[in-house]
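*Asks:* Return a 3D structure for these sequence lines:
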Amino acid sequence: MKKIIYLILLISLLIFSYFYFINKDEKSILSKLDDINEEFYIDDYKIFGTHFNISGCIDKKISNESKIVLVSMDDETDIESTFDITENKSCFYLSSKNNEGLYLDDLKRGSYLLLVKEINNQDVKYYTLNNKTNYSSLEYYTITKNNENNKININFESIKNKNYVKIDVVKSKLTDDNYDITIDPGHGGNDVGAIGILNNQKYYESDLTLEIALLLKQELEDLGLKVKLTRENDVNIDYYGDGGRAVIPNEVNSKYSLSIHLNSAQGIMSYGGVEVYTPNDVNLEFAKILAKNISNIVGYSKKPTDKLTNGVYFNYFTKSDIEESNENLKEDGMEPYDIKEGSPYMYMIREVGGVSTYAYQDGRNIEYGLNKYYNSNKTAEPYLIEMAYINYDDDLNQLINNKELFAESIKEAVKEYLNIS
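*Replies:* From the prediction side, this is the model:
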């Protein structure tokens, strides 16, 4: 009988401890915010790579001294943001760049509320955020460092009849279906890609990209990162559908997607060099580092079109591109897609980036398949790297004899950008 009583007491103590300690942060946060009675409505939010972005509005004019803050149990942190305030409406956003905003990997473990803070002379007022989008909570795992990760849950909760954005950060391990980086070796199987000839011997893009991707995977894993390849041997992979090369990065919850390719052009080339293609609306820092490192081997491409800066390019849909695409689909008896002018042309960028890059492969045309993440608001940050020109002899010679240098150059770019020691 005594054993049963002791067991009941132990269970009761465990239940009390759970509710007390698990909810302690939440109670401490809310105790400081009891006077909140107004809210902004969220009209957009997303995770792109390692960054969280959110925007919202309220139908009133607030002070120009307003800011976004993260409030924890014992601290308050200002989040860089921009406010657009008129007589009848006030709106905010964290950044106009997809890969800026709140850097999730910097968040310390604990619980936070994301709030609008208005300062009007000496008066301080807080506003909560109410999710009015069609999206629900988000789950994120930080980049692996020192064999550790944090798991971050971004939830929309109603507490005491008030709507909150609540962010919980806890220590965790990457699960089997979560990776840091996906590498896509271009082409494969019967799709050999571009062909180069040196000393009367043929070299295929699909072979060289795979060899370098395998080396790069090992280099990144040596940094402690968890890496996924879209293919590990000479096979042809569908673009879309389950296991499609444009789908895999988000199937495995990667933070970054690097698609490895080799360039080619008709005729005799007078130059070679690297071209790194970026998503739309991004800070170019990572792309610049990638291009600079690879340029130490083959130089920067001299291609003038689509160029943003040395070695960095953005290839996008023009109005005529969209009209031609729609006309071809109609002729084939298929329904035109909803393509946005100025959106990324390359599918390994556009489709990997989901809503941030205006993906459109929604399955309406069975022949092309479905990208089930086309409308996702949590995606990998994608880049397509044309490492060199396979039909430029100097570049091809480097590709044949110095594959390790290409892999190392990309690894060092990742290491620098992600600040891995």
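
*Asks:* From now on I want contacts and neighbour counts done on CA atoms only, so please keep to that.
*Replies:* OK.

*Asks:* residues contacting the residue positioned nearest the centre of the chain?
*Replies:* Centrality entry for the chain: nearest residue to the mean C-alpha point is residue 49, 2.2 Å, by CA atoms, centre = their mean. Applying CA atoms under 8 Å, 6 or more residues apart in numbering to residue 49 gives the contacts 99, 254-256, 378-381.

*Asks:* Tell me the one among the residues you listed nearest to residue 354.
*Replies:* residue 379 (6.3 Å; CA to CA).

*Asks:* Could you double-check that the closest one sits in contact with residue 349?
*Replies:* No - the criterion here is CA atoms under 8 Å, and residue 379 misses it with residue 349 at 10.8 Å.

*Asks:* Can you tell me what sits against the helix or strand hosting residue 260?
*Replies:* Counting by DSSP states H and E, the element that carries residue 260 is strand 256-263. The contact list for strand 256-263, computed with CA under 8 Å, 6+ apart, reads 49, 180-186, 194, 205, 209, 213, 249, 348, 352, 380-391.

*Asks:* Check stretch 322-332 too.
*Replies:* With contacts defined as CA under 8 Å, 6+ apart, stretch 322-332 is touched by 335-337, 339, 341.

*Asks:* Report the residue spans of this protein with pLDDT below the cut-off.
*Replies:* 1-32 (pLDDT under 70).

*Asks:* Which segments of it make up each domain?
*Replies:* Each domain of the chain is listed here as a residue range: 28-172, 181-417, per automatic domain parsing.

*Asks:* winner for burial among those domains?
*Replies:* domain 181-417 (a mean of 20; mean count of other CA atoms under 10 Å).

*Asks:* Report the separation between the two terminal residues of that domain.
*Replies:* For domain 181-417, the first and last residues are 13 Å from each other (CA to CA, to the nearest Å).

*Asks:* now it: how far from the chain's centre is it?
*Replies:* When distances are taken as CA atoms, centre = their mean, to the nearest Å, domain 181-417 is centred 15 Å away from the chain's centroid.

*Asks:* quick one, what contacts residue 126?
*Replies:* With CA under 8 Å, 6+ apart as the criterion, the residues that contact residue 126 are 33, 36, 38, 115-118.

*Asks:* so of those residues, which ones are in strands?
*Replies:* 115-118 (DSSP state E).

*Asks:* Let's have those residues in TSV, adding distance to residue 413.
*Replies:* What follows is the ones in strands among the contacts of residue 126, written out as TSV (distance: CA to CA, whole Å):
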residue	distance to residue 413
115	35
116	36
117	38
118	40
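
*Asks:* quick one: the strands in the stretch 1-150 of the chain?
*Replies:* For the stretch 1-150 of the chain, the strands identified by DSSP state E, counting those that start in this stretch occupy 39-48, 51-58, 67-71, 76-79, 82-85, 90-93, 102-103, 110-120, 123-131, 138-141, 149-159, in order along the chain.

*Asks:* ditto for the stretch 251-400 of the chain
*Replies:* Listed in chain order (using DSSP E, counting those that start in this stretch), the strands of the stretch 251-400 of the chain are 256-263, 275-277, 307-309, 312-313, 378-379, 381-389.

*Asks:* Just put the ones you listed in TSV and tack on distance to residue 397.
*Replies:* What follows is the strands of the stretch 251-400 of the chain, written out as TSV (distance: least, CA to CA, whole Å):
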stretch	distance to residue 397
strand 256-263	13
strand 275-277	18
strand 307-309	25
strand 312-313	23
strand 378-379	36
strand 381-389	10
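
*Asks:* out of those strands, which comes closest to residue 231?
*Replies:* Proximity to residue 231 (CA to CA) singles out strand 256-263 among the strands of the stretch 251-400 of the chain, at 11.4 Å.

*Asks:* who does the closest one pair up with?
*Replies:* When pairs are called by DSSP bridges, strand 256-263 turns out to pair with strand 181-185 (parallel), strand 381-389 (parallel).

*Asks:* JSON lines please, covering those and showing distance to residue 260.
*Replies:* Supplementary listing: the strands paired with strand 256-263 in JSON lines, determined by distance: least, CA to CA, whole Å:
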{"stretch": "strand 181-185", "distance to residue 260": "5"}
{"stretch": "strand 381-389", "distance to residue 260": "5"}
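
*Asks:* Of all these, which one is nearest residue 357?
*Replies:* Per CA to CA, nearest to residue 357 of the strands paired with strand 256-263: strand 381-389, 9.5 Å.

*Asks:* ok, and what's touching that closest one?
*Replies:* 48-50, 99, 255-265, 272-279, 287, 294, 298, 348-349, 352-353, 395-396, 399, 406.

*Asks:* redo that, cut-off 6 Å
*Replies:* Contacting residues not belonging to strand 381-389 are listed as 48-49, 256-264, 272-278, 349, 395 [CA atoms under 6 Å, 6 or more residues apart in numbering].
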